[in-house]
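Novice: Have a look at this fold, sequence not included:
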């Protein structure tokens with residue numbers, strides 16, 4: 001699986017436009033879609049694919065997995081950035097301020113969500129993905145995404161004592 005066969009390379013070249021559209025559907029941003037396409041092609045050229053693999057299906061799977069990796073990396077960077085911002089904010093809020101306490105409660109509640117609920121909620125509520133896009137990214141049915149988001153919102157409301165009807 002070290003390099004692509006000439007037939008696989010030809011099939012990959014024929015699939016580039018479709019991969020770009022797929023990347024755009026995942027990312028929602030043309031620049032991110034271009035970067036994702038480049039990463040996908042680089043990965044395929046570098047690592048190849050099994051000879052018996054369907055080139056288009058394999059390429060789409062690699063693209064989706066790279067996007068999942070990117071979402072996770074962004075989430076980590078975002079949490080780090082949010083922690084730094086929260087720290088800066090806490091320095092400007094009087095000790096015991098309501099804002100800092102609520103921020104800490106929300107962060108703890110999010111951290112306590114099941115990973116699949118947190119991922120679905122992040123994609124839909126934070127990243128702005130549609131349910132269909134989130135389902136595609138996470139490779140689960142759209143109903144599963146809807147259920148996970150609903151359960152995550154309910155768990156947050158319960159944990160934070162919020163009125164669930166206002167979510």
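Specialist: Cool, the structure landed. A quick note: this is a predicted structure, and the numbers were derived from the prediction, not measured.

Novice: CA only for contacts and neighbour counts going forward, please
Specialist: Noted.

Novice: so where's the protein uncertain?
Specialist: Scanning the chain for pLDDT under 70 picks out the ranges 1-2, 80-100, 164-167.

Novice: Centre-most residue in this protein?
Specialist: With distances taken as Cα atoms, centre = their mean, residue 71 lies nearest the centre of the chain, 3.5 Å away.

Novice: Which helix or which strand is home to that one?
Specialist: Using DSSP states H and E, the element containing residue 71 is helix 55-92.

Novice: Where do the helices of the protein begin and end?
Specialist: 6-27, 30-47, 55-92, 98-112, 115-121, 131-138, 142-160 (DSSP state H).

Novice: what about residue 136, distance to residue 125?
Specialist: 16 Å (Cα to Cα, to the nearest Å).

Novice: Span of stretch 128-142 from start to end?
Specialist: 15 Å.

Novice: what does that stretch contact?
Specialist: The contact list for stretch 128-142 (Cα atoms under 8 Å, 6 or more residues apart in numbering) reads 25-26, 28, 64, 67-68, 120, 123-124, 144-146.

Novice: change it to 6 Å
Specialist: 123, 145 (Cα atoms under 6 Å, 6 or more residues apart in numbering).

Novice: in that stretch, what counts as buried?
Specialist: 129-138, 142 (16 or more other Cα atoms under 10 Å).

Novice: Tell me how far that stretch lies from the chain's centre.
Specialist: 9 Å (Cα atoms, centre = their mean, to the nearest Å).

Novice: repeat for stretch 26-38
Specialist: 13 Å.

Novice: Return the set of buried residues in it.
Specialist: 26-28, 33-34, 36-37.

Novice: now these in a markdown table, with distance to residue 113?
Specialist: Compiled in a markdown table, those are given as follows (distance: Cα to Cα, whole Å):
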| residue | distance to residue 113 |
| --- | --- |
| 26 | 24 |
| 27 | 24 |
| 28 | 26 |
| 33 | 29 |
| 34 | 32 |
| 36 | 28 |
| 37 | 32 |
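
Novice: Kind regards, and thank you for your time.
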